[in-house]
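>>> my questions are about this predicted structure, shown below with the sequence.
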Amino acid sequence: MNSARNTFANENTLRKAFTRRAFQIEHGLDSCSEQLEFFGDTVLNTVVTREIYKRFTEISTSTVDAPFESKCSEGDLSKMRTHFVSKEYLSERAKELELDRFILYGSDENATDSSREDMMEALIGAVAVDFPNRTSARERAAMMAVGFIQQNGLWVDLKNANLEPRFEDAINQLQELKQKKYDDEPEYTFEEWDGGWKCSCTCGGVVGYGKVSSKTKAKKKAAFMVLVRLLKSAGLCSEEHTMWQMHRSDK
């Protein structure tokens, strides 16, 4: 514990990350977590934005019949980021890691999603703020903070889902992720498109599309795209390895 603490943040900064303002006032302390929350929120948004950009903006197609559409839109990327930095998501990760039991509340306070979100942001801020004031050093600190928390469960480990993407079963597989609490409830929308159907699927902040003559197949394509992108983001599969399934489905 001491070696980990010295590596990522000093003891006083870590203690501050878990100290609510009400607790500070009641006990006459010098500081609380609020400044670290502000810093950690910026760090988290910056690093998550960069990781999403790196992982999801290289997807492109050369023909209209290819299984994946062109690069994600700005709106799609924003939805992904919102999911991973949301109050509900950070609060859930805090509970899973059991970090919320260290929060120092005021006598009239109760644990809430907001208080757990504040703590997670402050903890990330504590890791980053203890590094020297050089830009490059802070950049390394931010990456170390997010990397450390990723390895310890801030993002749900999809490896435990034990899924191999299958086009024909993609709709059920997405639902399985939701039932196992690895991700959100998939949402589907449909619209008629050039004599066929277009389906949009959103799950876990990731968006996928399908455009074919069959409404059912359009839903499968949208679900499969989302499934592959989710697992790819967790380093569990590559789109190149699974694209052939969608090509075969058109035959």
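Noted; the coordinates are in hand. Numbering: from 1, shown residues only.
>>> name the SS class of Met202, please.
You called it Met, but residue 202 is Thr. For Thr202, the secondary structure call by DSSP: H, G, I helix; E, B strand; the rest coil comes out as strand.
>>> an error on my part: the question was meant for Glu192.
Of the three states, Glu192 takes strand under three-state DSSP.
>>> quick one: residues contacting it.
Shown in contact with Glu192 (Cβ atoms under 8 Å, 6 or more residues apart in numbering): Lys198. Glycine gets a C-beta too; all of them are placed from N, C-alpha and C.
>>> can you rerun that using 7 Å?
Under the criterion of Cβ atoms under 7 Å, 6 or more residues apart in numbering, Glu192 has no neighbours.
>>> from here on, count from 19
Understood, numbering begins at 19; the last thing we discussed is Glu210.
>>> relative to Gly124, how far out is it?
56 Å (Cβ to Cβ, to the nearest Å).
>>> for Val145, give me the pLDDT.
With respect to pLDDT, Val145 has a value of 81.
>>> ok, now Glu205?
90.
>>> now for Leu62, how many residues are close by?
24 (other Cβ atoms under 10 Å).
>>> tell me which helix or strand it sits in.
helix 52-74 (DSSP states H and E).
>>> from the contact counts, what lies against that helix?
helix 92-103, helix 131-147, helix 153-169 (3 or more Cβ pairs under 7 Å, 6 or more residues apart in numbering; DSSP states H and E).
>>> give me the neighbour count for Glu29.
Applying other Cβ under 10 Å, we find 10 other residues in the vicinity of Glu29.
>>> setting aside sequence neighbours, what's the nearest residue to Gly223?
Spatial nearest neighbour of Gly223, chain neighbours left out: His101 (2.9 Å); criterion: Cβ to Cβ, 6 or more residues apart in numbering.
>>> who are the contact partners of the one you found?
Tyr107, Gly222, Gly223.
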